[in-house]
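K.L.:
following is a predicted model, sequence given first.
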Amino acid sequence: MELAKIAIRNYKSIEFAEIQIENIGNSYLKILLGKNESGKSNILDAIDIKQKYSNRTSEKLIVDNIRRQDLRDSDEIYVEFYFRIDIADIDDKKGCYYPFIVDRVREYGKGDNLKAILKEYSAEFAIEKYEFSRIANSNNYNVSRTVLVKLNKSEARGNYFKSSSFSGSTNDLFKTTFITNLEYNKLNENLKKSLSILQDNDIAFIHSIVLNEHLLKNFPVFLWTANNRYIINNPVPVEDFLNRIDSYPLLKFVFSEDKFDSEGKIKEKFSTLNLSNERVSYEKHLSEIITKRIKGIWKDSNINFNVRLENNEIITTIKEDNNEQLFIDLKDRSSGFKQIITLLFDLLFYIKDEKDKKPLLLIDEPENHLHPSAIKELFDFILNFGIQNYVIISTHSPFFLDKQNTSRHNVVKKENGHTIVSSIDENHFVLDDYVTNTCFGFNIWNELLGTKIILVEGSSDKVIISKLIDDINIHNDIRILGGKGANVVRFARIIRQIHNNFIVIVDSDKDGQRYKKQIKEYDSSIHCYALNDIYEVIKDCTIEDWINNDFIIKEINNKFDEIMDKFGIPKGENVFSIKDNENFTIALSRFLNNYSSEFDEKKISRDFIIDSLKEHISQSVKNEDINSESIKNLNDLIIDFFKISINSTNFE
């Protein structure tokens, strides 16, 4: 049984909307694209009525503020969920039909004719309908729920008979006898009078009774909104946690994952952690459990969760795999990172509570407060979460696009005050002008990034390469973007969602080769070059190795003297130099090693020194200071790749 479609009529700004739920590209993720105020949030709010109804605290659910001004009292307001039923669902022991039939046989000794009826006249769709009826003289609405069924086959008249006691209730259905036409003909006339023909509406109603509770309980809806409920801003005193466990949902979850799922069990565990070796061992155990759970729902996660018990306090920190820094307190992370963590733990809680169910996750504008690279990571996570779950997100961010699967998207726009939802025609590319102008107001990629993009590894590379291609770039609007080390891999993945044709250039050192490998593993069609692929001057070269040594030596020594004077450090007799067959990175590292103790004493970061020197080189270098063969090869590559006419350049 699968959710197939959601239909919404006259809810708030929505005149009519129909959203198909499909497994596209191995994920049930659906994306609603639209500008602000187009009505995307109204769609999610309408769908969330299913969970609101499930969580109601009384027999009736009452809502308000859903009426559009131009709506007539005679106009229907409803939300419908269409579930596709497969005949195999009848025999599914984890489904709803099988246990219902088994219970009926066990309690009342009935035969399996009901199972045969449900198979022969199987349901094509079950429609869970939520209708809104206005309460007189108010803006409030009662919400009622019904389950309707569309059969695959009709004309059941005369094939089966039922005992007259069947009136449509669940209890009556348990007691009712169902017999075949052949069995009916063998009965005497008095018994025949107690039976009546089983009709189409009877069979549809039987399906609806069986499906009723199952659809409500096993297909829950979860509307996620940004929050900070799991962010712990300060170390938590153990005593405070044990006295107010429910006030710390993150810590409560951490301990429940190790089967300490009650206040008593948690307190008992803490009483055993008196010895330091036991405490350290348990810290590691807890940290590994939570990290494993995070990576269980986010396959590509590089997040490592850490729990420490120090000085009668509980401290939670986070570290990323590619970050050499120590674990960082959650309170010190960016708002975007906190949002990802909150979503992760919300889903961990939710998956635990809704085990063996197939939820529908709704996320309204998850891109808020996130850096583009984090948006891409979050998109990949949500796409992966959609393998086993239904997910609908609303967004006005062009970074939340799946350009490989156009049909994953719906365009949401407002016309004459009415929200209209439409699918994207397969003839439209998801990033063409029709879609981007409708959803974002303009083609953000062409306007901001252009159509010719070169992604390089760092800021100094960006400046130097800009100078190297200046002659061919005067009339060709080539955009050069800097990725700053390992971020070049993330940016390449983001740009790949936008463009098929762009160039990535990385250093030929060990880091650069690793970045190239990671980019190619992500998508082998990306045109990624290490510097030595373009022009090899020395092994493991960086962009500075393309520059003449005399210029590098002079400028490094001048800039280094300036930095040392600024911090009041005597330079001494050491002078920067480059040995034969030595690349720039090794030469600079060898030189800076002479001043390690001075840097430590003044608390000067070595990375700060290196970045300052590289920036100075990139700003002061001119093309005549750079190897002419490297310039020619780079320009030839770009001219050929972007199909640039030689007449549109100043390059000879």
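P.N.:
Arrived safely, thanks for sending.
K.L.:
doesn't V79 lie inside a helix?
P.N.:
No - counting by DSSP: H, G, I helix; E, B strand; the rest coil, V79 is not part of a helix but strand.
K.L.:
sheet partners, orientation included, of the strand or helix carrying I393?
P.N.:
For I393, the host element (DSSP states H and E) is strand 390-395. Sheet pairing of strand 390-395 (DSSP bridges) gives strand 28-33 (parallel), strand 360-364 (parallel).
K.L.:
list the buried residues in that strand.
P.N.:
Along strand 390-395, these residues count as buried under the neighbour rule (16 or more other CB atoms under 10 Å): Y390, V391, I392, I393, S394, T395. (C-beta placed from N, C-alpha, C; glycine too.)
K.L.:
so the second one is in contact with L32, correct?
P.N.:
No - with contact defined as CB atoms under 8 Å, V391 and L32 do not form a contacting pair (11.2 Å).
K.L.:
so which residues of the stretch 51-200 of the chain form helices?
P.N.:
97-108, 113-120, 170-175, 181-185, 189-193, 200-218 (DSSP state H, counting those that start in this stretch).
K.L.:
which elements pack onto the second one?
P.N.:
Which is helix 113-120. helix 97-108, strand 178-180, helix 200-218 (3 or more CB pairs under 8 Å, 6 or more residues apart in numbering; DSSP states H and E).
K.L.:
ok, and what's touching whichever strand or helix holds V411?
P.N.:
Using DSSP H and E, V411 sits within strand 409-415. By CB atoms under 8 Å, 6 or more residues apart in numbering, the residues outside strand 409-415 that reach it are 13, 19, 30-35, 37-40, 43, 394, 401-402, 419-424, 430, 435, 438-439.
K.L.:
starting at the chain centroid, how far to it?
P.N.:
Distance of strand 409-415 from the chain centroid (CA atoms, centre = their mean, to the nearest Å) equals 21 Å.
K.L.:
and if you look at stretch 252-269?
P.N.:
Mean C-alpha position of stretch 252-269 versus that of the full chain (CA atoms, centre = their mean) differs by 29 Å.
K.L.:
neighbouring contacts of the lengthiest helix in the chain?
P.N.:
Scanning the chain for the helix with the most residues, using DSSP state H, yields helix 276-297. Contact with helix 276-297 is made by 254-255, 257-258, 272-273, 301, 303-309, 344, 347-348, 351, 381, 384-385, as judged by CB under 8 Å, 6+ apart.
K.L.:
list the buried residues in it.
P.N.:
The neighbour-count check on helix 276-297 (16+ other CB under 10 Å) flags R279, Y282, E283, L286, S287, I289, I290, T291, R293, I294, I297 as buried.
K.L.:
so A4 is in contact with I85, correct?
P.N.:
No - counting by CB under 8 Å, A4 stays clear of I85, with 9.6 Å between them.
K.L.:
how is the chain partitioned into domains?
P.N.:
1-85+122-152+205-220+356-441, 86-121+157-198, 236-353, 450-542+629-648, 548-620 (automatic domain parsing).
K.L.:
lowest mean pLDDT across those, which one is that?
P.N.:
Among those, domain 236-353 carries the lowest mean pLDDT, at a mean of 77.
K.L.:
related to what we said a few turns ago, can you give the strand pairings for the strand holding V411, parallel or anti for each?
P.N.:
Sheet pairing for strand 409-415, using DSSP bridges, gives strand 28-33 (parallel), strand 418-423 (antiparallel).
K.L.:
quick one, helices of the stretch 451-600 of the chain?
P.N.:
Ranges of helices in the stretch 451-600 of the chain, per DSSP H, counting those that start in this stretch, are 459-468, 470-473, 487-496, 510-522, 531-534, 549-566, 584-592, 596-602.
K.L.:
tell me which other helices or strands the fifth one touches.
P.N.:
Right, helix 531-534. Checking 3+ CB pairs under 8 Å, 6+ apart, helix 531-534 ends up next to strand 503-506, helix 628-641.
K.L.:
got TSV for the ones you listed, with distance to I556 too?
P.N.:
Listed next are the helices and strands packed on helix 531-534 as TSV, based on distance: least, CB to CB, whole Å:
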stretch	distance to I556
strand 503-506	22
helix 628-641	19
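K.L.:
for those, which one ends up most surrounded?
P.N.:
Comparing these by mean neighbour count (mean count of other CB atoms under 10 Å), strand 503-506 ranks first with a mean of 25.
K.L.:
before we move on, the earlier item: ok, so of the buried residues of helix 276-297, who is nearest F205?
P.N.:
F205 has its nearest neighbour among those in I297, at 39.4 Å by CB to CB.
K.L.:
sorry, back to before: in CSV, could you pull the C-alpha coordinates for the strand holding I393?
P.N.:
Below are the C-alpha coordinates for strand 390-395, written out as CSV (Å, rounded to 0.1, in the frame of the first residue of the first chain):
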residue,chain,number,x,y,z
TYR,A,390,7.5,10.3,1.8
VAL,A,391,8.9,13.8,1.8
ILE,A,392,7.5,17.1,0.5
ILE,A,393,9.6,20.2,0.8
SER,A,394,8.7,23.8,-0.2
THR,A,395,11.5,26.0,-1.3
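K.L.:
next, the distance between the ends of stretch 182-189.
P.N.:
With CA to CA, to the nearest Å applied, stretch 182-189 spans 14 Å between its terminal residues.
K.L.:
from the middle of its chain, how far away would it be?
P.N.:
On CA atoms, centre = their mean, the centre of stretch 182-189 falls 61 Å from the chain's centre.
K.L.:
and that stretch, which residues are buried?
P.N.:
Buried, per 16+ other CB under 10 Å, within stretch 182-189: Y184.
K.L.:
skipping adjacent residues, who's closest to E367 in space?
P.N.:
S397 (3.9 Å; CB to CB, 6 or more residues apart in numbering).
K.L.:
what is the burial count for that neighbour?
P.N.:
Counted with other CB atoms under 10 Å, residues neighbouring S397 total 19.
K.L.:
for the one 5 residues further on, same thing?
P.N.:
Look at D402: counted by other CB under 10 Å, it has 18 neighbours.
K.L.:
distance check, it against K35.
P.N.:
With the distance defined as CB to CB, to the nearest Å, D402 ends up 19 Å from K35.
K.L.:
same question, K115
P.N.:
In terms of CB to CB, K115 sits 52 Å off from K35.
K.L.:
now S394
P.N.:
11 Å.
K.L.:
check contacts around the residue nearest to the spatial centre of the chain.
P.N.:
Centroid-nearest residue in the chain, with CA atoms, centre = their mean: I382, separated by 2.4 Å. Listed by CB under 8 Å, 6+ apart, the contact partners of I382 are L29, I363, P366, V391, I393.
K.L.:
now the strands for the stretch 201-350 of the chain?
P.N.:
Taking DSSP state E, counting those that start in this stretch as the criterion, the stretch 201-350 of the chain carries its strands at 221-224, 236-237, 303-310, 313-320, 328-329.
K.L.:
looking at those strands, which is closest to I586?
P.N.:
Shortest distance between I586 and the strands of the stretch 201-350 of the chain, using CB to CB, is found for strand 313-320: 27.8 Å.
K.L.:
tell me how far the closest one lies from the chain's centre.
P.N.:
Centroid separation between strand 313-320 and its chain, computed with CA atoms, centre = their mean, is 24 Å.
K.L.:
how far off strand 303-310 does that strand point, in degrees?
P.N.:
Strand 313-320 and strand 303-310 are oriented at 160 degrees to each other (axes from the mean of the first three to the mean of the last three CA atoms, to 10 degrees).
K.L.:
which one of the strands of the stretch 201-350 of the chain lies nearest to S466?
P.N.:
strand 313-320 (30.6 Å).
K.L.:
right, and L44 touches L361 too?
P.N.:
No - here L44 lies out of contact with L361, judged by CB under 8 Å, at a distance of 10.4 Å.
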